[in-house]
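Trainee: following is a predicted model, sequence given first.
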Amino acid sequence: MLVGARTVRQGTGPFLAAALHGQGVIVSGIVGTSASTVAEAAAALKAKYGISTRGYSDLAEAMRAEQPDIVVLCSPWQYHEAQLKQVAGSACHCLVEKPLLWPASPGAAAELIGQFETSGRLLQMVAQWPYALRQFETLYGPLPDHIDSFEMRLSPISLGPHMVPDAAPHFLSLLHALVGPGDCRDVSIAQSGQDRLTTKCRYEHAGGTVESVLDLQTVAERPRPAWIAINGQRAERRVQLPDYHQFLVGKGRQAALPDPLAEVATDFLGKLDSGAATDGPLLNSLHRNLCLLANAWPQ
């Protein structure tokens, strides 16, 4: 079952539905805000991807009627906490668009994550960027044993403090993928405004410290600029329109990026098949560090 099947702003719902459908998952129902928007979303899924599904405007009703094994939350992040509480009380696994839930204290997040751990149900957050590290290695060779610095530029469509929950989970998921769990220390704001935020921090992990920079700039251009730099080696994401093929470009070369949401779907379903448990330490670390970055926003 999918919650949020339209792309009103930057929604990934229909693309995740297509990725899961392509791997044999039955999208039994979709949930939206009204009967008309649900009908519109269902018609679009049928026309574009051949997905036939039933529509609902109430999550609880949809779960009672469909009894799904998996719930995918692609609704705006402002609704995630209430929806996750509903899903946590069921027997469903859950894949959630970033951020997992916001705003919420680390304690409140840990309690909700713990419900999935206790029930043995898989809870996972959508995080596409770590899958691009394979293409980074195609450009620059194997990742270094010791990572001293990491920088990331993203272009969220949100403004002001909302840029942090919209974009920072990508930054944090990459730091975790590169060096493992850690904490953002000495968070500082180098530049801020309604359309610009540059955050610096020391990411302390078991193996040392990574000097890290997250640069968020809202721009009108599409596709929106994005790049990463590891130990000063920079790779830019480029998007080829109109088919939206993506590439990672650096060192005068480019490497084609696979469909990132297909990668997310494959990973999630693989974990389900293997009986993997919810990675509570990862999810709690991501949320705790998101709070640390957000709290640095100028008051």
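Mentor: Yep, that arrived.

Trainee: A helix includes N289, no?
Mentor: Yes. Note on N289: a helix contains this position according to DSSP: H, G, I helix; E, B strand; the rest coil.

Trainee: thought it was touching R185?
Mentor: No. N289 is beyond contact range of R185, at 10.0 Å (criterion: C-beta atoms under 8 Å). The way it works is simple: take the backbone N, C-alpha and C, and place the C-beta from them, glycine included.

Trainee: neighbour count: those two, which is higher?
Mentor: For N289 versus R185, the count of surrounding residues by other C-beta atoms under 10 Å is larger for N289: 24 against 12.

Trainee: distance of that one relative to G193?
Mentor: As defined by C-beta to C-beta, to the nearest Å, N289 lies at a distance of 23 Å from G193.

Trainee: please apply the same query to V31.
Mentor: Look at V31 and G193: by C-beta to C-beta, they are 36 Å apart.

Trainee: which one of these two has more residues nearby?
Mentor: Under the neighbour definition other C-beta under 10 Å, V31 and G193 were set side by side, and V31 has more, 26 against 12.

Trainee: burial of G141, as a residue count?
Mentor: By the measure other C-beta under 10 Å, the count of residues near G141 is 10.

Trainee: repeat that for L283.
Mentor: A total of 23 residues lie near L283 under the criterion other C-beta under 10 Å.

Trainee: my read: it touches A127, true?
Mentor: No. Assessed by C-beta under 8 Å, L283 is found out of contact with A127, at 10.5 Å.

Trainee: the helix or strand containing T198 pairs with which strands, parallel or anti?
Mentor: With elements taken from DSSP states H and E, the one containing T198 is strand 196-205. Strand 196-205 has the following strand partners under DSSP bridges: strand 182-193 (antiparallel), strand 208-217 (antiparallel).

Trainee: what does it rub up against?
Mentor: Residues outside strand 196-205 that contact it (C-beta atoms under 8 Å, 6 or more residues apart in numbering): 150, 163-164, 168, 175, 179-192, 209-218, 292-293, 296-297.

Trainee: do you know which of the strands paired with strand 196-205 lies nearest A255?
Mentor: Comparing the strands paired with strand 196-205 by their distance to A255 (C-beta to C-beta), the top pick is strand 208-217, with 22.5 Å.

Trainee: using PDB, list the CA coordinates for the closest one.
Mentor: These are the backbone C-alpha positions of strand 208-217, laid out as PDB (Å, rounded to 0.1, in the frame of the first residue of the first chain):
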ATOM      1  CA  GLY A 208      38.100   9.300  13.600                       C
ATOM      2  CA  THR A 209      36.700  12.600  12.400                       C
ATOM      3  CA  VAL A 210      35.400  13.800   9.000                       C
ATOM      4  CA  GLU A 211      35.300  17.600   8.400                       C
ATOM      5  CA  SER A 212      31.900  18.000   6.700                       C
ATOM      6  CA  VAL A 213      30.100  20.700   4.800                       C
ATOM      7  CA  LEU A 214      26.500  20.700   3.600                       C
ATOM      8  CA  ASP A 215      25.600  23.500   1.200                       C
ATOM      9  CA  LEU A 216      21.900  24.000   0.500                       C
ATOM     10  CA  GLN A 217      20.900  26.500  -2.200                       C
END
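
Trainee: buried residues in that strand, which are they?
Mentor: With burial defined by 16 or more other C-beta atoms under 10 Å, the residues of strand 208-217 counted as buried are T209, V210, S212, V213, L214, D215, L216, Q217.

Trainee: contacts only, for the fifth one.
Mentor: Going by C-beta under 8 Å, 6+ apart, L214 touches E151, M152, L154, A167, A168, F171, L197, T198, T199, L293.

Trainee: quick one: which of those is nearest P225?
Mentor: Sorting these by how near they are to P225, with C-beta to C-beta, puts L154 at the top with 8.3 Å.
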